[in-house]
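Colleague: The following comprises the amino acid sequence and a computationally predicted model.
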Amino acid sequence: MRTGEPLPSVGDVLVSLATGLWQWSTATELVTVDAEAARLLGLPARPTTLTENQARARMHPSDWHEITGVIPLAVARGTLAEVRIRVVDADGRTIRVVRSRSKPAFDRERRAYELIGTLQEVIEPAPGTSSARSAITGDWRRSREAFLLDAGRALAEARSTAEVLRVAATLSMPGFSPDGLAVFGVEGDRLTIIGHHGYLPGDEGPFSQMPLATDYPAAEVVRTGQAVYLSTPGEYRERYPTSWPLAERFGRCSWAFLPLTLGGRTRGAWMAAFSDRVAFTPDERAVLTTVARMLAQALTRAGDAETQRELSEGLQRSMLPSLIPEIPGMSVAARYIPTGGGLQVGGDWYDMIPLPGGVSPTTAQGGRFALVIGDVQGHDVRAAGLMGQLRIALRAYAAEGHRPDAVLSRASRFLHGITHDEQMTDLRFATCLYAEADPATGRLEVARAGHPEPVIRLPDGTVVLRPTAGGLPLGVDPDGDYPTTRFTLEPGETMMLCTDGLIETGGHDMESGWRRLRAILEQFGAEESERETGLEGLADALVQGVHGPSSHHTTGPLTDRREDDIALLLLFRSGESWGLSGGPAATARTRVRSTLLSVAQDEPERIAEARQHLRELLHDWTPAEQVDAAVLLISEMITNVLVHTDDDALLLAEIFGEHGSRRLRVQVTDGGDDLPHKRRPGELASSGRGLMLIEMLADAWGVEPRGEGKSIWFELYERAEDEEGDGAGI
């Protein structure tokens, strides 16, 4: 061509270079090729338009998948997409290998890829061998890097051996994808089949429990730790004539057997079988070797996790007790949720113990039983072990017939002894609550060691904390005392015992977590379906409220979402319905709710607890002035008992009637014989105003001798806040 002559057309240049043009749009699903591209694809040499399926039929399936994988990667990186394509005939035989170079683009409006590129024939060094090609560079190599990254991430996320095998079976390697996989393990001197893909059930029979001395590629890989690559059936037959008949019937053309090595030790073998012949070039061997290493790590990690999970679940099943199936007049529900540590069992526990002469573990006959709930410090194996030892010790002390305070004292001495060694390197303590229950009377005797106090849900849904005396956590002081609190669970009432995990899980502290639990307890039963589920439904609602999906919408004030093990016990005394909204209305003579509290001579600080307890009992009382009046009066009445007698004070508060017209009756009982009488104290007197206050603020009041001791009582009648009365307020 002389200088100054016009340049030849692009089409002429491409024809002279034996290069064809093709265009593909995923929006229209059409592939347009010129005459040269059509020839390279084995079609008549003229321009034509093909559907995606027609174009795909001219290419090796693995190469088509490679094209679809490289295009998004090239668009993301802004580079050319380059792949090598095996063009096949109608019988699937490779007729030539072509190279495609293209510049893909992504149409955001149609969410489709547009691709324009070239096709050029590549001369292979060994015609007829589908993968006998040299190492390549550019985007095709980057597609393999992307594949390895995706494979590594998928295998790392697999949590079980079955998941690892599913991931391995779905790996689509760029340029060559196996359609048969098998993973071999080792037991003693024999091969085992851990899993396989691409074969029918039962096909693994001849290969399972195969001696390692067998003339089989996987056995050789385990023996030597070296990979075996077999590109053709003839090569397999020549190297392993003994085992070739076992493999021949599956119709594969190439095989790769690679060691599964971890920490310098060969733990098994991985077989990848191909229906098409693969030459196993250095690039392909590098990909297979990398996948084998990742597969070995994933299988080892999954196996360790399954072993730990099985051990943990077995430990949990052995440590968590079964509840007594039937108790006359009472029902019990329990839950244990391990959330705080890696184990499926932690330091939290609960127990239900038949006491001597009490409920039989297998029948509903008998009397007293004990409920125990506790939390050993920590979320590790030692915490779980200490929990098991402590639970056994508590059962032993209870079986000996000791009272609650003695059971906890002995348990504290036991835990202190096994955790305080000479080195003092791993000191532990445990919180615990031990409650003896008498189903016949509903009477409870509770001793508490640093544990959250019990919660009482009254028949109408009102929820109150039950103040109970307590001591230090178990294991802190071997000589610690644990006073006992006695109260009665009335018919229709439910007692909740829980560990701090139920309260604080989800970024909550004790205060905010208690508010969340209280709302769940009070709202449960508003629907008929909830009332039908009873105590078990309430237990599920509490766990779901703090640990289920809805808990993510009720996070607490703390910055981190703290998770902890959860143990929960519910004790319901039958005799009345749940008494929630929608239940039958109470009559004026029917008690709606009540509370009973004792204040000892040496516990004047519990007067504040009594005031708070009464406020919770009157949480929905109107008007507020009457609540203040009632709180003032019980404070005065209990103080008088502690000051003027040598006995303890027993407070009983009861509410009767329908909302809006209820009656509150409060009585304080003591063992003193001297009856109180009204006085007119002087202006500077420090006492003598108790009965005057009662007379001014109460709607009714009185004093009742009781043989040994006396009771002083008062009543308040609920009225609208704008309604006035003689005893309405101060």
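Modeller: Thanks, I have it.
Colleague: Okay, strands next: where are they in the stretch 1-150 of the chain?
Modeller: With DSSP state E, counting those that start in this stretch as the definition, the stretch 1-150 of the chain shows strands at residue ranges 19-25, 30-33, 48-51, 81-88, 94-107, 112-122.
Colleague: Okay, angle between the fifth one and strand 81-88 too, please.
Modeller: Think strand 94-107. 140 degrees (axes from the mean of the first three to the mean of the last three C-alpha atoms, to 10 degrees).
Colleague: what's the angle from strand 94-107 to strand 112-122?
Modeller: Taking the same axes, to 10 degrees, one finds that strand 94-107 is oriented at 150 degrees with respect to strand 112-122.
Colleague: okay, the strands of the stretch 1-150 of the chain, which one's buried deepest?
Modeller: strand 81-88 (a mean of 22; mean count of other C-beta atoms under 10 Å). For every residue, glycine as well, the C-beta is placed using N, CA and C.
Colleague: Now find how far off-centre that strand is within its chain.
Modeller: Average the C-alpha atoms of strand 81-88, do the same for its chain, and the two points are 47 Å apart (C-alpha atoms, centre = their mean, to the nearest Å).
Colleague: tell me what it is packed against?
Modeller: Using 3 or more C-beta pairs under 8 Å, 6 or more residues apart in numbering; DSSP states H and E as the contact criterion, the elements in contact with strand 81-88 are helix 61-77, strand 94-107, strand 112-122, helix 139-157.
Colleague: can these go into JSON lines with extra columns for mean pLDDT?
Modeller: Rendered in JSON lines, the data for the helices and strands packed on strand 81-88 read as follows (pLDDT from 0 to 100):
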{"stretch": "helix 61-77", "mean pLDDT": "77"}
{"stretch": "strand 94-107", "mean pLDDT": "85"}
{"stretch": "strand 112-122", "mean pLDDT": "86"}
{"stretch": "helix 139-157", "mean pLDDT": "67"}
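Colleague: Which one of these lies nearest to residue 639?
Modeller: Set against residue 639 and scored by C-beta to C-beta, the helices and strands packed on strand 81-88 come closest in helix 139-157, at 65.2 Å.
Colleague: mind putting the helices and strands packed on strand 81-88 in TSV, distance to residue 555 included?
Modeller: Formatted as TSV, the helices and strands packed on strand 81-88 follow (distance: least, C-beta to C-beta, whole Å):
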stretch	distance to residue 555
helix 61-77	36
strand 94-107	39
strand 112-122	42
helix 139-157	26
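Colleague: ok so, going back, mind putting the strands of the stretch 1-150 of the chain in TSV, distance to residue 479 included?
Modeller: Formatted as TSV, the strands of the stretch 1-150 of the chain follow (distance: least, C-beta to C-beta, whole Å):
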stretch	distance to residue 479
strand 19-25	85
strand 30-33	88
strand 48-51	88
strand 81-88	79
strand 94-107	76
strand 112-122	79
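Colleague: To residue 304, which of those lies closest?
Modeller: Closest of the strands of the stretch 1-150 of the chain to residue 304 is strand 81-88, at 39.3 Å (criterion: C-beta to C-beta).
Colleague: Now do that closest one against helix 61-77, angle only.
Modeller: With the same axes, to 10 degrees applied, the angle from strand 81-88 to helix 61-77 works out at 170 degrees.
Colleague: And the average pLDDT for strand 81-88 is what?
Modeller: Strand 81-88 shows a mean pLDDT of 84.
Colleague: Let's verify the spatially closest residue to residue 500 that is not a sequence neighbour: helix, strand, or coil?
Modeller: By the measure of C-beta to C-beta, 6 or more residues apart in numbering, the closest residue to residue 500 outside its immediate chain neighbours is residue 452, 6.1 Å from it. Under DSSP: H, G, I helix; E, B strand; the rest coil, the three-state class of residue 452 is coil.
Colleague: Can you get me a residue count around residue 452?
Modeller: Using other C-beta atoms under 10 Å as the criterion, residue 452 is surrounded by 23 other residues.
Colleague: Not counting sequence-adjacent ones, nearest residue to residue 335?
Modeller: Once its chain neighbours are removed from consideration, residue 335 has its nearest residue in residue 568; the separation is 4.4 Å (C-beta to C-beta, 6+ apart).
Colleague: Helix or strand: which one has that neighbour?
Modeller: strand 566-573 (DSSP states H and E).
Colleague: Direction included, what does that strand pair up with?
Modeller: Here the strand partners of strand 566-573, with direction, are listed using DSSP bridges: strand 330-337 (antiparallel), strand 494-498 (antiparallel).
Colleague: So which residues make contact with the last one?
Modeller: Meaning strand 494-498. 350, 371, 373, 433, 435, 444, 452, 454-457, 466, 489, 517, 521, 535, 538, 542, 566-573 (C-beta atoms under 8 Å, 6 or more residues apart in numbering).
Colleague: just stretch 234-252 next, same as before
Modeller: The list of residues contacting stretch 234-252 from outside it, by C-beta under 8 Å, 6+ apart, reads 180, 199, 203, 206-207, 214-217, 230, 233, 255, 273-275.
Colleague: again, only using 6 Å
Modeller: Contact with stretch 234-252 is made by 206, 215, 216, 230, 273, as judged by C-beta atoms under 6 Å, 6 or more residues apart in numbering.
Colleague: Compute the first-to-last residue distance for it.
Modeller: With C-alpha to C-alpha, to the nearest Å as the measure, the first residue of stretch 234-252 is 11 Å from its last.
Colleague: same check, this time on stretch 57-66
Modeller: When the termini of stretch 57-66 are compared using C-alpha to C-alpha, they are 15 Å apart.
Colleague: distance between it and the chain's centre?
Modeller: 43 Å.
Colleague: Which strand residues bridge residue 598?
Modeller: Applying DSSP bridges to residue 598 gives these bridge partners: residue 650.
Colleague: Quick check, pLDDT for it.
Modeller: 79.
Colleague: gap between the residue nearest to residue 500 and residue 693?
Modeller: Residue 452 is 35 Å from residue 693, where distance means C-beta to C-beta, to the nearest Å.
Colleague: In contact with residue 256, which residues?
Modeller: Contact analysis of residue 256 by C-beta under 6 Å, 6+ apart lists 229, 272, 288.
Colleague: and those, which of them are in helices?
Modeller: Within those, membership in helices is found for residue 288, as judged by DSSP state H.
Colleague: nearest to residue 306, of the contacts of residue 256?
Modeller: For those, the closest approach to residue 306 (C-beta to C-beta) belongs to residue 272, at 24.2 Å.
Colleague: Can you verify my assumption that that closest one contacts residue 178?
Modeller: Yes. Counting by C-beta atoms under 6 Å, residue 272 touches residue 178, with 3.8 Å between them.
Colleague: re the thing from before, let me know which of the strands paired with strand 566-573 is tucked in deepest.
Modeller: By mean neighbour count, with neighbours taken as mean count of other C-beta under 10 Å, strand 494-498 ranks first of the strands paired with strand 566-573 at a mean of 24.
Colleague: just how off-centre is it within its chain?
Modeller: Distance of strand 494-498 from the chain centroid (C-alpha atoms, centre = their mean) equals 23 Å.
Colleague: And the average pLDDT for the next helix or strand after it is what?
Modeller: Along the chain past strand 494-498, the next helix or strand (assigned with DSSP H and E) turns out to be helix 500-504. The predicted model gives helix 500-504 an average pLDDT of 88.
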